[in-house]
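**Student:** using only what follows, build the 3D model:
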Amino acid sequence: MKRWPLTTSLVALACLTSRTDAQALADRYRDAAARIIARATKDSAAWNRLAVLTETFGNRFSGSESLERAIDWTLAEMTKDGLDAVRGEPAMVPRWVRGAESIEMVSPRRAALPMLGLGGSIATPAGGITAEVMVVTSYDDLRARASEARGKIVLFNVPFTNYGQTVQYRSGGAVAAARAGAVASMIRSVTPYSQRTPHTGGMAYNDSVPKIPHAAITPEDADMIARMVARGQRVTVKITMSAQVMPDSPSRNVVAELKGTTSPDEVVVMGGHIDSWDVGRGAMDDAGGVVVAWEAIRILKELGLRPRRTIRVVGWTNEENGTRGGNAYRDAHRADLDKHIAAIESDGGVFKPLGFGFTGSDSAFNLVRQIGTLLGGIGAGEIAKGGGGADIGPIMALGVPGLGLNVDGTKYFWYHHTDADTVDKLDQREVALCVATMAVMAYVLADMPERLPREAR
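**Tutor:** You can find the predicted model right below:
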């Protein structure tokens, strides 16, 4: 018989014990998870509430009256639901006002082009900017042909590969174009699919480079212009934008809780962002994330499943153009972040849930994987390494373990930051499954006997 060294045997025993304890964790909560899933998928309450929120108040851009009215309504409804410690926590938010805007192709023919100015862009002069279009396919292409850009409107016609790679032209395109001497810049909207719908989103300037207007057009029109130029035609467009940056405005994070029974000062925080861009109704991005977290604790309360620790739902404000809500939450709760067990964010659309991405210690990851087994029956049990979100990022940076809800995002970027982000794009059962997924994960994390272990700092 092979004899293992004592240290090896002890490690093997420890791993076996850890696996056994983790499996016991899943067994402990199997019945509760089944009850949560059955209740969450019983009806379309979450989808219906999402429809009321988005259709009553429309888009909810930072600094807008519609955002603040939506926050008032949400707080009132949470109070009616009997949730604990319902409140708004203050945050000052930036305010960018789009104003009237248009792009018209002047030659070789006249045609209005659907467009959206990019958030944070400056305005054009009152009479607009009329100039020839220079089409580039990458930053490298622009650098190689920089001498051609002076006095022109640069169009970044970069097809969608993935969001992380393609969005760089939205965020940084104006700086690159201005550095080459362009008078304005346009991007092909950041999307893999289009029905001639432009997409907005945030952009940035560099104080060392002149600021120029920056806007998005549709993939169809970007390709059309590229083909025209390739045929040797001179394409001229007129951009008119009246955007303004206004003084910061007061807003709030929406907060409600299900108080813990024995350790109420320990918290599992979860939610999404209550604000949206100023187009569409922000149903998938991200009223859905707020509503599924809210519905999760409502059904836990209804089922009498009150955990040891507190579950706190937050609808963060100003994720879209500043993340002031996430930073304000960090600052308001900095003193008790050591008692934050975990943070969970939903900001990828409430489509078919697949599981969670997790950022934290290996031992915590193993426990979260076991909780994931409780969701296998609805196809939402996959736990991957690496997860979080923009709003929980500030507290994750200070050591709080983070989870991001992963969903089937096949169609997410079809509608992202467009007039088409409306509740009809979301399936009622899939929304209910997201409620179940968030509720099970949050409940077990908040109720399990031992705290989720953290990485040593």
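**Student:** low-confidence regions, this structure specifically.
**Tutor:** Scanning the chain for pLDDT under 70 picks out 1-22.
**Student:** 80 - rerun?
**Tutor:** Across the chain, the ranges flagged by pLDDT under 80 are 1-23, 456-457.
**Student:** tell me the domain boundaries of it?
**Tutor:** Domains of the chain are assigned by automatic domain parsing as 23-96+247-447, 99-242.
**Student:** export the ones you listed to JSON lines and tack on distance to E455 and mean neighbour count?
**Tutor:** For the C-beta atoms, the positions are set from N, CA and C on the backbone; glycine is no exception. Formatted as JSON lines, the domains of the chain follow (distance: least, CB to CB, whole Å; neighbours: other CB atoms under 10 Å):
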{"stretch": "domain 23-96+247-447", "distance to E455": "4", "mean neighbour count": "21"}
{"stretch": "domain 99-242", "distance to E455": "25", "mean neighbour count": "19"}
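**Student:** next, format the ones you listed as TSV and append distance to P453.
**Tutor:** As requested, the domains of the chain are exported to TSV (distance: least, CB to CB, whole Å):
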stretch	distance to P453
domain 23-96+247-447	5
domain 99-242	30
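**Student:** may I have the phi/psi pair for R429?
**Tutor:** phi -70, psi -40 (degrees, to the nearest 10).
**Student:** let me redo that: M246
**Tutor:** phi -100, psi 170.
**Student:** what about it, how many neighbours?
**Tutor:** For M246, the count of nearby residues is 10 (other CB atoms under 10 Å).
**Student:** could you find the closest non-adjacent residue to it?
**Tutor:** Using CB to CB, 6 or more residues apart in numbering and skipping residues adjacent in sequence, the residue nearest M246 is R95, 4.1 Å away.
**Student:** repeat for M115
**Tutor:** Nearest non-adjacent residue to M115, counting by CB to CB, 6+ apart: I103, 4.3 Å away.
**Student:** now do the SS call for that neighbour.
**Tutor:** strand (DSSP: H, G, I helix; E, B strand; the rest coil).
**Student:** report the beta-bridge partners for it.
**Tutor:** In this structure, I103 bridges to L113, I239 when assessed by DSSP bridges.
**Student:** thought P213 was touching it, still the case?
**Tutor:** No. Here I103 lies out of contact with P213, judged by CB atoms under 8 Å, at a distance of 10.1 Å.
**Student:** joint contacts of the two?
**Tutor:** Residues within reach of I103 and of P213 at once, by CB atoms under 8 Å, 6 or more residues apart in numbering, are I239.
**Student:** now do the same contact list for the residue nearest to M115.
**Tutor:** Counting by CB under 8 Å, 6+ apart, I103 makes contact with A112, L113, M115, M186, A215, I217, V237, K238, I239, T240.
**Student:** hang on, the fourth one packs against F156?
**Tutor:** Yes. Using CB under 8 Å, M186 is in contact with F156, at 7.2 Å.
**Student:** quick one: the helices in this structure?
**Tutor:** Secondary structure of the chain by DSSP state H: the helices cover 6-28, 30-40, 45-57, 65-80, 139-144, 163-166, 168-179, 219-230, 288-303, 324-332, 362-373, 393-396, 412-415, 428-447.
**Student:** the ones you listed: which one's closest to I129?
**Tutor:** Nearest of those to I129, taken as CB to CB: helix 168-179 at 12.3 Å.
**Student:** show residues contacting that closest one.
**Tutor:** Helix 168-179 is touched from outside by 118, 121, 139, 142, 146, 149, 154, 156, 158, 184-185, 187-188, 190, 201-206, 209-214, 216, with contacts defined as CB under 8 Å, 6+ apart.
**Student:** just give me the residue closest to the centre of the protein.
**Tutor:** In the chain, the residue lying closest to the centroid (CA atoms, centre = their mean) is D347, at 3.4 Å.
**Student:** ok, that residue touching M284?
**Tutor:** No. Shown here, D347 and M284 do not form a contact pair, counting by CB under 8 Å, at 9.6 Å.
**Student:** got the contacts of I103 as TSV, with distance to K385 columns?
**Tutor:** Shown next, in TSV, are the contacts of I103 (distance: CB to CB, whole Å):
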residue	distance to K385
A112	47
L113	43
M115	40
M186	38
A215	38
I217	38
V237	46
K238	49
I239	44
T240	48
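**Student:** closest one to A85 out of these, please.
**Tutor:** A85 lies nearest to A215 out of the contacts of I103, by CB to CB, at 43.1 Å.
**Student:** wouldn't the closest one be in contact with L113 here?
**Tutor:** No. Taking contacts as CB under 8 Å, A215 lies outside contact range of L113: 9.6 Å.
**Student:** still on that earlier bit, now distance to R457 too, for the helices of the chain, in CSV please.
**Tutor:** Shown next, in CSV, are the helices of the chain (distance: least, CB to CB, whole Å):
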stretch, distance to R457
helix 6-28, 22
helix 30-40, 32
helix 45-57, 37
helix 65-80, 34
helix 139-144, 37
helix 163-166, 27
helix 168-179, 31
helix 219-230, 45
helix 288-303, 27
helix 324-332, 16
helix 362-373, 14
helix 393-396, 12
helix 412-415, 34
helix 428-447, 20
